[in-house]
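Visitor: give me the fold of what follows.
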Amino acid sequence: MSVTLVRNDDLAQTVDYAYAASAGAPVRAVWTAGACPLDAEGRTVAPGDYRAQAEQAMSNLDAALGAAGASLTDIVKTTVYVASSRRADLVAAWEAVRARMGAHDAPSTLLGVAVLGYEDQLVEVEAVAVTGAP
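Guide: I've put the predicted structure just below:
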């Protein structure tokens, strides 16, 4: 089973993500909780640093997916939450997420929010992935 990233020549080609994704049967879906920038002891890493927090969140997302039998290249959709109203902060987090995703530019939503759940938390990344049947 593989994920097919869908593009459309009728839509803007300047974005750095696919507009949609599909997966053939048989499939197994994996939904993740929001991956937070926490270390192994549950402490928020890099207070004040959007990029570093996004990098940690992506490492944690990768680990969570791995435990569920999936990987970053199985992702069909991400949502990236950034606790800021400044576009530069959103871009810093997004650049770290995109770097970790590499060529697998799955559809994503990036948005600024007022606050996230942990003290000093600035970034959270959730994902949906699909793999072959278990």
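Visitor: surely residue 89 and residue 49 touch.
Guide: No. Here residue 89 does not reach residue 49: they are 10.2 Å apart, not a contact under C-beta atoms under 8 Å. To be clear about C-beta, it is placed using only N, CA and C from the backbone, and glycine gets the same treatment.
Visitor: what do these two both touch?
Guide: Common neighbours of residue 89 and residue 49 are listed as residue 122 (criterion: C-beta atoms under 8 Å, 6 or more residues apart in numbering).
Visitor: look up how far residue 83 lies from residue 119.
Guide: 11 Å (C-beta to C-beta, to the nearest Å).
Visitor: which one's more surrounded, the two?
Guide: residue 83 (19 against 8; other C-beta atoms under 10 Å).
Visitor: now for that one: which residues touch it?
Guide: Contacts of residue 83 by C-beta under 8 Å, 6+ apart are 112-116, 121-123.
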